[in-house]
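Enquirer: attaching a predicted model along with its sequence, questions to come.
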Amino acid sequence: MIFTRDQVVEEARSWLKTPYHKNGRLKGVGVDCGTLLLCVYLAGGFLSDEDIATFNRLCPVNQDWFVHAHEEKYFKLVILHARHVLTAISYRTMVAAPGSIVVTHHDGEAMRWNHGGIVVKWPRLIHAVGGFGVREIDATQDSMWQHREVCVFDPWLKAETAE
């Protein structure tokens, strides 16, 4: 059974304060921005064990989302499981439904999508970041997201297409 939007947001919030740990997948122990999405959407019924195996092939334990400057790994994983609905600049007036995935460019990787989060109610989102762990922020006030180009993906629309 697939979670509702509210259930996805609730699951994401249950990860709040989990420390940042590259490739970690344990609530309260450690997670990174990519594995946070993986864990939340796996719990929500959007992903399968086969998807986890694909994730492990694309992002081995010794790699980090921020260092894949030569390949769009993050984007490739998201597009497999959610329909792209919007590319825009991160402003308060942007529209993104609760539970949607939002990705952006970070730390000079202007050509690669390498950081993501889960929309609570735009502009609020939950993401995992080094030094802070999993936190809920206002994307229009946070330097990682503020005035940056973002892509919004909706896993419910992808699920409808697959049926």
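Expert: In hand now; what should we look at?

Enquirer: need the contact list for Glu136.
Expert: The contact partners of Glu136, taken as Cβ atoms under 8 Å, 6 or more residues apart in numbering, are Arg13, Leu16, Val120, Arg124, Leu125, Ile126. Bear in mind the C-beta positions are built from the backbone N, C-alpha and C, glycine included.

Enquirer: hmm, 10 Å instead?
Expert: Val9, Ala12, Arg13, Leu16, Gly117, Ile118, Val120, Arg124, Leu125, Ile126, His127 (Cβ atoms under 10 Å, 6 or more residues apart in numbering).

Enquirer: wasn't it part of a strand?
Expert: Yes. Assessed with DSSP: H, G, I helix; E, B strand; the rest coil, Glu136 lies in a strand.

Enquirer: how close does it get to Ser14?
Expert: Shown here: Glu136 relative to Ser14, a distance of 12 Å by Cβ to Cβ, to the nearest Å.

Enquirer: neighbours of Ala53, how many?
Expert: 10 (other Cβ atoms under 10 Å).

Enquirer: now whichever strand or helix holds it, how far from the chain's geometric center?
Expert: Element membership for Ala53 (DSSP states H and E) is helix 49-58. Relative to the centre of its chain, helix 49-58 is centred 16 Å away, using Cα atoms, centre = their mean, to the nearest Å.

Enquirer: residues of it that come out buried?
Expert: Asp51, Phe55 (16 or more other Cβ atoms under 10 Å).

Enquirer: from the contact counts, what lies against it?
Expert: helix 33-43, helix 73-81 (3 or more Cβ pairs under 10 Å, 6 or more residues apart in numbering; DSSP states H and E).

Enquirer: out of those helices, which one sits most buried?
Expert: Comparing these by mean neighbour count (mean count of other Cβ atoms under 10 Å), helix 33-43 ranks first with a mean of 24.

Enquirer: how far does it sit from its chain's centre?
Expert: 7 Å.

Enquirer: now swap in stretch 150-161 and tell me
Expert: With Cα atoms, centre = their mean, you get 12 Å for stretch 150-161.

Enquirer: before we move on, the earlier item: common neighbours of Glu136 and Ser14, please.
Expert: By Cβ under 10 Å, 6+ apart, the residues touching both Glu136 and Ser14 are Ile126.

Enquirer: now the helices and strands packed on helix 49-58 in TSV, with distance to Gln141?
Expert: Formatted as TSV, those follow (distance: least, Cβ to Cβ, whole Å):
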stretch	distance to Gln141
helix 33-43	18
helix 73-81	23
